[in-house]
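Asker: kindly return the folded structure for what I paste below:
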Amino acid sequence: MHASEDESPERVDTDEHRLRLRNLRLSDYPDVKHIMDRVYANLGGAWTRKQFAAQINRFPEGQICIEDNGRVAAAVISMIVDYDRFGDKHTYEEITGNGFLTNHDPNGDVLYGVDVFVDPDYRAMRLGRRLYDARKELCRSLNLRAIIAGGRIPGYKEHADELSPVEYIELVKRREIHDPILSFQLANDFHVRRVITGYMPEDAASKAYATLVQWDNIFYEADRSPLVGGRKTSVRVGTVQWQMRRVKTFDDLMTNVEFFVDAMAGYNSDFILFPEFFNAPLLAQFNQDDPAEAMRRLAQYTEEIVEAMSRLAVTYNINIIPGSMPVYDGTVLYNVAYICRRDGTTDSQFKLHITPDERFYWGVQGGDSLRIFDTDAGRIGILVCYDVEFPELGRLLADQGMQILFVPFWTDTKNAYLRVRRCAQARAIENECYVAITGSVGNLPKVENIEIQYSQTAVFSPADFAFPHDGIVAESTPNTEMTLITDLDMDQLMQLREEGSVRNTRDRRLDLYRVEWLEQSGE
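Answerer: Next comes the predicted model:
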């Protein structure tokens with residue numbers, strides 16, 4: 001029936017309250033009857049003792065109350081139904097079995113809200129919100145796809161002469177009108193499925209109309225995850241703040257790489273991220289009088305490094321993002337990032353935006369495609385350094401379901417680093433995803449155009465209550481070779497997108513603007 005907690009303005013002194021959330025017991029019936037007789041004086045009063053006993057016996061977990069010093073102050077009554085049996089056109093008595101919950105089905109897919117009632121003396125204490133939260137928790141724990149309820153609209157009687165039920169509901173949704181029940185349900189993340197008629201014929205205040213409202217369980221799994229190989233809810237990311245040091249051979253470089261891969265795998269990391277141009281120490285063996293030619297010579301190692309990284313990914317059971325490396329196809333030089341998955345597969349993402357410095361010294365050209373990568377630990381994107389400063393790319397990846405964005409970078413000064421950092425933080429907020437960045441530190445004397453480095457590795461999150469207050473999950477000590485290991489809660493991202501304080505993804509005005517990738521057709 002749903003009596004809202006804000007239908008009465010009474011306030012109570014909270015100094016001596018002792019509130020406790022628990023399941024209802026049959027011995028609570030006198031308290032429940034007392035409340036329902038007050039709340040539903042015009043709708044027949046309380047359930048009978050037999051009805052109340054049937055509700056508890058059929059589905060004890062769904063009958064929840066808040067007691068105050070041993071006395072029930074508020075409660076919710078719920079049941080599970082196979083919703084397809086009833087559909088949207090049902091009456092209250094039909095679906096609840098006249099209050100006996102005879103249609104409760106433990107194998108159903110929907111938690112049906114039968115009743116919510118709050119003692120009028122407690123309505124200023126927001127107990128209804130606590131009970132709604134408890135019901136949502138129950139829905140999630142039982143892996144039910146939604147909560148559905150028929151809600152009275154008692155405020156409609158004051159507007160029935162000038163507004164249809166649909167018009168009234170729309171104005172309530174726009175906060176032009178306050179309805180004691182519907183406004184409360186909307187504030188608790190329910191949405192209106194439809195208007196139903198004759199739901200409770202005796203409800204004169206609602207003119208027998210009601211709203212069928214729904215809250216969706218974003219964690220619902222139609223088929224339960226398998227015990228092995230299911231969706232990961234916690235992802236461990238390892239990043240390497242890489243010390244640029246001179247090496248003489250390819251084997252020397254890969255010995256340093258394997259050290260960090262081994263260390264991150266030892267901590268059961270799902271990913272390890274290296275910086276942009278992490279293989280630059282090999283440049284020292286080439287003629288520095290011609291930086292462009294030296295970079296093309298360095299590109300000769302890229303295929304061999306990717307193959308070695310792929311073997312390490314399989315051997316150490318970790319997904320490796322080996323920063324970026326030069327790729328030379330004979331006529332064009334590119335800057336390319338890779339993903340070496342632990343299943344042995346590899347993919348690449350070309351850097352799209354080339355800095356003036358890269359273009360001038362080395363003649364690097366930008367790629368022309370943007371990729372999203374599926375992994376066993378979530379859907380990821382890779383933007384190399386300067387690319388993260390272009391918000392369109394992050395948005396395009398987010399539209400394809402990106403959960404973690406990896407940004408390998410190389411910066412020589414703090415102001416260059418801060419450009420990357422600030423933009424990475426913005427991408428995390430606006431796209432509701434995690435962003436991991438890492439660069440190199442130290443110096444490479446006598447290596448033209450890549451002599452000095454500045455880095456502070458970090459992992460960023462959206463900014464909301466479930467995340468760090470400043471959106472910084474973790475960060476390293478600046479300019480020191482080290483690793484950073486961070487656990488990322490993927491369920492928090494899902495919850496943020498549906499229930500966050502702000503919902504950037506959902507609230508985009510796609511009726512006004514959009515970001516599109518142009519096909520390579522001269523558009």
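
Asker: the residue of the chain most remote from its centre and W362, how far apart?
Answerer: Ranked by distance from the centre of the chain (Cα atoms, centre = their mean), the top residue is D289, with 49.9 Å. From D289 across to W362, the span is 14 Å (Cβ to Cβ, to the nearest Å). Where you see a C-beta, it was placed from the backbone N, CA and C, and this is true even at glycine.

Asker: try C139
Answerer: Taking Cβ to Cβ, one finds C139 at 56 Å from W362.

Asker: if we can go back for a sec, can you tell me the SS state at the residue farthest from the centre of the chain?
Answerer: With DSSP: H, G, I helix; E, B strand; the rest coil as the basis, D289 sits in coil.

Asker: tell me which element A436 is part of?
Answerer: Assigned by DSSP states H and E, A436 belongs to strand 434-438.

Asker: what lies in contact with whichever helix or strand comes after that strand?
Answerer: Counting by DSSP H and E, the next helix or strand C-terminal to strand 434-438 is strand 440-442. Residues external to strand 440-442 that are found in contact with it (Cβ atoms under 8 Å, 6 or more residues apart in numbering): 241-245, 275-278, 280, 410, 453-455, 478-481.

Asker: rerun that using 6 Å as the cut-off
Answerer: Q241, W242, Q243, M244, P275, Q453, S455, N479 (Cβ atoms under 6 Å, 6 or more residues apart in numbering).

Asker: and it, how far out from the chain middle?
Answerer: 33 Å (Cα atoms, centre = their mean, to the nearest Å).

Asker: can you check stretch 352-362 too?
Answerer: For stretch 352-362, the distance to the chain centre is 35 Å (Cα atoms, centre = their mean).

Asker: next, count neighbours for the closest residue in space to T197 that isn't next to it in sequence.
Answerer: Spatially, and ignoring its direct neighbours in sequence, T197 is nearest to Y209 (5.9 Å; Cβ to Cβ, 6 or more residues apart in numbering). Residues lying near Y209 (other Cβ atoms under 10 Å) number 21.

Asker: my guess is Y209 meets P165, correct?
Answerer: Yes. Counting by Cβ atoms under 6 Å, P165 is a contact partner of Y209 at 4.6 Å.

Asker: which intervals of the stretch 101-250 of the chain have sub-threshold pLDDT?
Answerer: For the stretch 101-250 of the chain, applying pLDDT under 70 flags the ranges 224-231.

Asker: now do the helices in it.
Answerer: Using DSSP state H, counting those that start in this stretch, the helices of the stretch 101-250 of the chain run over residues 127-141, 165-173, 182-187, 250-266.

Asker: so for the following helix or strand past the longest one, mean pLDDT?
Answerer: Spelled out, it's helix 250-266. Sequence-wise, the next helix or strand downstream of helix 250-266 (DSSP H and E) is strand 271-273. Across strand 271-273, pLDDT averages out at 97.

Asker: got the CA coordinates for the following helix or strand past strand 271-273 in PDB?
Answerer: Toward the C-terminal end, the helix or strand that comes next after strand 271-273 (DSSP H and E) is helix 291-298. Provided in PDB are the C-alpha atoms of helix 291-298 (Å, rounded to 0.1, in the frame of the first residue of the first chain):
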ATOM      1  CA  PRO A 291      67.500  11.500 -33.900                       C
ATOM      2  CA  ALA A 292      65.000  10.600 -36.600                       C
ATOM      3  CA  GLU A 293      67.200   7.800 -37.900                       C
ATOM      4  CA  ALA A 294      68.000   6.600 -34.400                       C
ATOM      5  CA  MET A 295      64.300   6.300 -33.600                       C
ATOM      6  CA  ARG A 296      63.800   4.200 -36.800                       C
ATOM      7  CA  ARG A 297      66.600   2.000 -35.800                       C
ATOM      8  CA  LEU A 298      65.000   1.500 -32.400                       C
END
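
Asker: who are the contact partners of the spatially closest residue to R236 that is not a sequence neighbour?
Answerer: Ranked by Cβ to Cβ, 6+ apart and with sequence neighbours excluded, the top spatial neighbour of R236 is S269, at 4.7 Å. Contact analysis of S269 by Cβ under 6 Å, 6+ apart lists R236, G238, I318.

Asker: for the stretch 351-500 of the chain, just list every one of the helices.
Answerer: Under DSSP H, counting those that start in this stretch, the stretch 351-500 of the chain gives helices at 356-362, 391-398, 414-431, 490-499.

Asker: from F271, how far off is D37?
Answerer: In terms of Cβ to Cβ, D37 sits 60 Å off from F271.

Asker: which one of these two has more residues nearby?
Answerer: Between D37 and F271, counting by other Cβ under 10 Å, F271 is the more crowded of the two (26 against 12).

Asker: shouldn't the more buried one be in contact with V235?
Answerer: No. Look at F271 against V235 with Cβ under 6 Å: they stay out of range, at 7.4 Å.

Asker: and Q349, helix, strand or coil?
Answerer: strand.

Asker: tell me what it is bridged to.
Answerer: A337 (DSSP bridges).

Asker: contacts for stretch 479-488 next, please.
Answerer: For stretch 479-488, using Cβ under 6 Å, 6+ apart, the contacting residues are 234-241, 243, 267, 434, 441, 457, 459, 473-474, 476.

Asker: brain fart, stretch 345-364
Answerer: 291-292, 295, 310, 333-340, 366-367, 371, 373, 382, 384, 386-387, 390, 449.

Asker: my guess is Y434 meets M402, correct?
Answerer: No. With contacts counted by Cβ under 6 Å, Y434 stays clear of M402, the gap being 9.5 Å.

Asker: so the two - more neighbours on which side?
Answerer: Y434 (28 against 24).
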